[in-house]
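I would like the atomic coordinates for the input below:
(chains A, B, C and D, ligands or ions: 4)
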Amino acid sequence: MQGSTRDRKPNTCDYAMIRFSQVTVNYGYVPGALKDINLQLHKGDFTLLLGPTGSGKSTLLRLIYMDILPSAGLVTVDRWNSARISPRQINLLRRNIGVVFQDFRLIENMTVFDNVALPLVIEGYRRKYIRQVTQALLDEVNMLAAADQPASTLSLGEKQRVAIARAMAKDPLIVIADEPTGNLDREASQNVLNLLERFNRHGTSILMATHDYELIKETPYRRIYMENGEIRQPDSSINVGKERIIMMNRDV
Amino acid sequence: MQGSTRDRKPNTCDYAMIRFSQVTVNYGYVPGALKDINLQLHKGDFTLLLGPTGSGKSTLLRLIYMDILPSAGLVTVDRWNSARISPRQINLLRRNIGVVFQDFRLIENMTVFDNVALPLVIEGYRRKYIRQVTQALLDEVNMLAAADQPASTLSLGEKQRVAIARAMAKDPLIVIADEPTGNLDREASQNVLNLLERFNRHGTSILMATHDYELIKETPYRRIYMENGEIRQPDSSINVGKERIIMMNRDV
Amino acid sequence: MKLRFVLRQTLNNLWRERTPATASVLTIGIALVILISLFEVSISLYRNLNDLKQNMVIEVYLEASRTENDAAGISAQLSDYGTIERIRVISKEAAAEIFEKEFGENIYDILKENPLPVMIEVRLQSEYNHPDYLALFKKQVEALPGVDEVHYRHVLVEKLESLTQAVLISGLAVLIVLVFAMNLLIRNTIKLSVYARRDQIAIMKILGAGNLFIRLPYILEGAFEGLFGGMMAAAGLILAHKFIADSFEAIRFSLSVYKMLWIVTISVGILIGFFVSAAAVGHFVQKIYAKK
Amino acid sequence: MKLRFVLRQTLNNLWRERTPATASVLTIGIALVILISLFEVSISLYRNLNDLKQNMVIEVYLEASRTENDAAGISAQLSDYGTIERIRVISKEAAAEIFEKEFGENIYDILKENPLPVMIEVRLQSEYNHPDYLALFKKQVEALPGVDEVHYRHVLVEKLESLTQAVLISGLAVLIVLVFAMNLLIRNTIKLSVYARRDQIAIMKILGAGNLFIRLPYILEGAFEGLFGGMMAAAGLILAHKFIADSFEAIRFSLSVYKMLWIVTISVGILIGFFVSAAAVGHFVQKIYAKK
Ligand SMILES: Nc1ncnc2c1ncn2[C@@H]1O[C@H](COP(=O)(O)OP(=O)(O)OP(=O)(O)O)[C@@H](O)[C@H]1O
Ligand SMILES: Nc1ncnc2c1ncn2[C@@H]1O[C@H](COP(=O)(O)OP(=O)(O)OP(=O)(O)O)[C@@H](O)[C@H]1O
Ligand SMILES: [Mg+2]
Ligand SMILES: [Mg+2]
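Ligands and ions are numbered 1, 2, ... in the order given. I've put the predicted structure just below:
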């Protein structure tokens, strides 16, 4: 990885990097999209967020990059907390988080290269460095050949890989991946997981929401099960039984 | 299903409803997104379209609802063909095809109800009928409770289900589903497959692109494997071996 | 159901995008105010100039020795021409008064006597009020016994003639420029408004919606904006008329002018909104098709 | 790298959205043409009126018995006041000529003699050209021996005074309305242009981009549109000036006027584009934040 060519933030202690305290989220139409969530994620953790459609996974992730603020309760991320954070600080926070959005959110009329380079440009890095890192990342996700195409010309699977590259660009404190394998086939999905794992080994915390039980079923990571806006028995057991998954999905 | 309440087009003979003859598609940036495709789909068929990311699945499907026209070769759908079709006829064609888009394409600022009702409104059905059909469909995909929410407030999985309901609304000749389970968990995916199968039993042809080998691995349907814009040995065998899938994905 | 859906969507769009819609309304409103007041000014200017032209006076000076009685005889002769609208004899005394009014000096103060001759003021019927006939008339009348000279401001007549034309032509030119500019601005607003909803349009197309169904909401939106713009302009114009009528006692508007203002302004607004957006939407919806 | 990126994006945006951008350019261009020609007309009107006022002539009529020699003596006395700009004696004959020019009649024809007195024409220095001083001056001069009467068009002076004011005030009013309308239209265009790219803005925000970084491309776009609009307006104005200079021989523009036109029009265009879009973008980018 390009980790070696860049400054790594010192991998200090094992403090709770992300902390949810009695967090509730009400959307206009949907009260209780999240209900009284308590949660702690530690630096360096690899965490999986599981749960059926509409259970609030994306909502929980949006709270972390402060795309929404909690209706009640407190979200603390690194040195920022949701109760008193200015717009400027939100920008800073976001620059330290890499997000793979469920709907990618690439800028359609920009080239693949520019999309991936954007977080680095925002950060104000120098041109040569940006080019070097961006090309390395595109190579990593196998999209170097499409670097000069506008993002609008990509297939969905290709977009997903570009989105992953963008999230990795700044070598962030934490990577939030919302369903990063939804449009990928088995092997591509495995590649993404491996990529995230490699990042994790370099000290980046990972929080990944996914439906792909097949993919994660043999991983040893902490799992958080959501259902109906609540966390069901936070569980760090290694295996997840088949019956367990089916129970979670009975709503659909 | 609401099939009973509506006029079914007579399920006549087993002619080739969709026919690709030496079809090539060149995008500006990507020549040969499809290369010399020959393919026949028959009325009433349930067909699966498999292949790695960027192999041209979505492109092939777009040809059917004539979102793009082939750079070379001929696409024939029912009584229309790509060589001479007027914009007005393209509209007619599209009204006879239900499409579940990979990126949903819901109208974000319309309510869920209006989104599903839209194809019926376009067709000019009466109000009471539209309400009845739309509600039945929303119930079927478990989204009736969200009928009055704007589509923008849905989770991605919810959007996918609404998109499926919309594709079904007009009881179309053929349903094209591009990765309809990409954002759904196992059980929801199974439900979608069951839904499509039920439609198929009522005479609707189904063409479904998917990455979810787990989901389809025990289905008896015809499979078309794509790779690099080409069809690899059209195959109607019942089982697909594990090594087969891995071979297909080696590009990623 | 289709129409109801379209109408609902139109109102939704208007409400959801009230900022640009308001700007569109204001554009139409301002343009209509300029347009219609320009039109009114042109009309009243034309009328005034015409009036002035119609009321042109020909002065027939008699020889210094002639009296008012002679003038009456000559008047009778002139009346027989059949081209005269009005005729009036002006005595020496009346002429002195006119002199004082025009030049601010009493002629008796300056000269201690009144040297001014008896004069006949003639107004021609409007159809004869033309440079050619005026020249002929002057020649004929000057040949009459007792007549010294015939004066008319022939330069003024010709100048008025060309001024009236100039006003009409330049008014038209301004009008054309304005209509062009307004068309451009409204088109632009509507175009961008369509542009902002291009996703929605692209989706409707892919669902097989016909052209009319896709375009109607935007066209109706334009018509509504025209309606509101027209109402705004009508209100503004009527206030302006009231203000003018209050400020200048000489100017009065009848009730029918106010009614006309409402009707014309609002219907012109609606028509403009309708047609301009119809054209813009068609053009632009096509473009979205080409792009996707 | 940041600035390069922003600039590249600005140019991309301009090119990709050349239709609305062109409309924006035209809006700015048309508005600038109206604005600057209005300004020029006001200025030249003001100058002309002022000239007229400055050149106001006071007529000092001597008693009928006085000769031009007397007039020279009185002139000398008047010059001593120190408030006079120019002074000229007009003989009986010159007065008769003026009479003929003004009234179209030869005074000898009418009266067989010249009753007009010797006259002194006086022009005051501009700072004394004021109704109050004029009244005082009249009183003083009429008291001089040999002077019959002092005439000046005091009504005209006052009318000119108020007309100049009226022109300036109404010009200013039109200017304000125009600036308001232009601001509205440009804001609207830019707002909709931002609106059309709201997805892009929302994405940049979610990546933690700062306000300036997000807004700069739009602000620069506005400035570029202002530049092009200004160039268009300058070209139009210069053509108009050339046309006017060709049509009316009395009117000539110096080269520096043309240079000023280029510089002022273009820089005003850029400034307008810059500030209006800066305001509009700020307002609107905030809104997108609130929505998402
Ligand atoms: N509008 C376009 N312009 C240019 N190239 C395009 C366009 N759409 C697709 N492509 C290219 O064509 C190829 C096939 O794309 P397509 O979307 O058909 O793949 P796919 O099989 O559907 O992949 P996925 O499983 O990721 O959806 C890709 O390499 C893509 O980059
Ligand atoms: N902007 C919004 N306004 C209103 N309701 C919303 C909004 N976003 C999400 N919701 C609702 O909140 C609930 C949780 O949504 P969320 O996107 O968090 O689910 P999810 O677990 O990510 O589902 P999926 O697996 O389908 O992505 C859903 O019922 C959804 O309808
Ligand atoms: Mg989600
Ligand atoms: Mg695809």
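
which pLDDT value does the model give the residue of the stretch 101-250 of chain C found nearest ligand 1?
Taking Cβ to the nearest ligand atom as the measure, the point where the stretch 101-250 of chain C comes nearest ligand 1 is C:Ala202, at 12.8 Å. (Each C-beta comes from the backbone N, C-alpha and C, glycine too.) pLDDT, C:Ala202: 88.

what's the burial count for it?
Applying other Cβ atoms under 10 Å in any protein chain shown, we find 19 residues neighbouring C:Ala202.

what strand or helix carries it?
When elements are assigned from DSSP states H and E, C:Ala202 belongs to helix C:198-206.

could you find the closest non-adjacent residue to the residue of the stretch 101-250 of chain A found nearest chain C?
Ranked by Cβ to the nearest Cβ, the top residue of the stretch 101-250 of chain A for proximity to chain C is A:Ser152, at 9.6 Å. Leaving out its chain neighbours, the residue that sits closest to A:Ser152 by Cβ to Cβ, 6 or more residues apart in numbering or on different chains is A:Glu108, at 4.1 Å.

from what I see, the one you found and A:Leu154 are in contact.
No - counting by Cβ atoms under 8 Å, A:Leu154 is not a contact partner of A:Glu108; they are 9.4 Å apart.

between these two, which is the more surrounded one?
Between A:Glu108 and A:Leu154, counting by other Cβ under 10 Å, A:Leu154 is the more crowded of the two (24 against 16).

how far away is the more buried one from A:Asn142?
For A:Leu154, the distance to A:Asn142 (Cβ to Cβ, to the nearest Å) stands at 12 Å.

for A:Ala177, which three-state class applies?
strand (DSSP: H, G, I helix; E, B strand; the rest coil).

isn't it right up against A:Ser205?
No - counting by Cβ under 8 Å, A:Ala177 sits too far from A:Ser205 to count as a contact (11.3 Å).

and those two? which has more neighbours close in?
Counted by other Cβ under 10 Å, A:Ala177 and A:Ser205 do not tie: A:Ala177 has more neighbours, with 26 against 21.

state the pLDDT value of the residue of chain C found nearest ligand 3.
Nearest residue of chain C to ligand 3 (Cβ to the ion) works out as C:Asp199 at 20.2 Å. pLDDT for C:Asp199: 82.

wait, it touches B:Glu108, no?
Yes - counting by Cβ under 8 Å, B:Glu108 is a contact partner of C:Asp199 at 7.4 Å.

how many other residues sit next to residue 198?
Using chain A. Applying other Cβ under 10 Å, we find 14 residues neighbouring A:Arg198.

that's the wrong chain, I wanted chain C
Neighbours of C:Arg198 (other Cβ under 10 Å): 16.

now do the buried residues in stretch C:23-39.
For stretch C:23-39, the neighbour count (16 or more other Cβ atoms under 10 Å in any protein chain shown) marks C:23-36 as buried.

what sits against C:Ala71?
Counting by Cβ atoms under 8 Å, 6 or more residues apart in numbering or on different chains, C:Ala71 makes contact with C:Leu62, C:Val89, C:Val118, C:Met119, C:Ile120.

ok, C:Gly230 next?
C:Gly230 makes contact with C:Ile28, C:Gly29, C:Leu32, C:Thr265, C:Ile266, C:Ser267, C:Val268, C:Gly269, C:Ile270, according to Cβ under 8 Å, 6+ apart.

likewise for C:Ile238?
C:Tyr258, C:Leu261, C:Trp262.

please identify the helix or strand for it.
Here C:Ile238 sits within helix C:211-247, counting by DSSP H and E.

roughly how far out does the helix or strand just after that helix sit from the chain middle?
Next along the chain after helix C:211-247, taking DSSP H and E as the criterion, comes helix C:255-291. Mean-position distance between helix C:255-291 and its chain equals 23 Å (Cα atoms, centre = their mean, to the nearest Å).

what's near enough to touch residue 229?
As the question left the chain open, I've gone with chain A. Counting by Cβ under 8 Å, 6+ apart, A:Gly229 touches A:Val25, A:Gly32, A:Ala33, A:Leu34, A:Lys35, A:Ser55, A:Gly56, A:Thr59.

switch to chain C, please.
C:Ser24, C:Val25, C:Leu26, C:Thr27, C:Ile28, C:Gly29, C:Ala31, C:Leu32, C:Gly269, C:Ile272, C:Gly273.

one more: C:Ala96?
With Cβ under 8 Å, 6+ apart, C:Ala96 has these contacts: C:Asn106, C:Ile107, C:Tyr108, C:Asn114, C:Leu116.

the residue nearest to the first one when sequence neighbours are not counted is in what secondary structure piece?
Nearest residue to C:Asn106, sequence neighbours excluded (Cβ to Cβ, 6+ apart): C:Glu100, at 5.2 Å. Under DSSP H and E, the secondary-structure element containing C:Glu100 is helix C:92-103.

now that helix: average pLDDT?
On average, helix C:92-103 scores 76.
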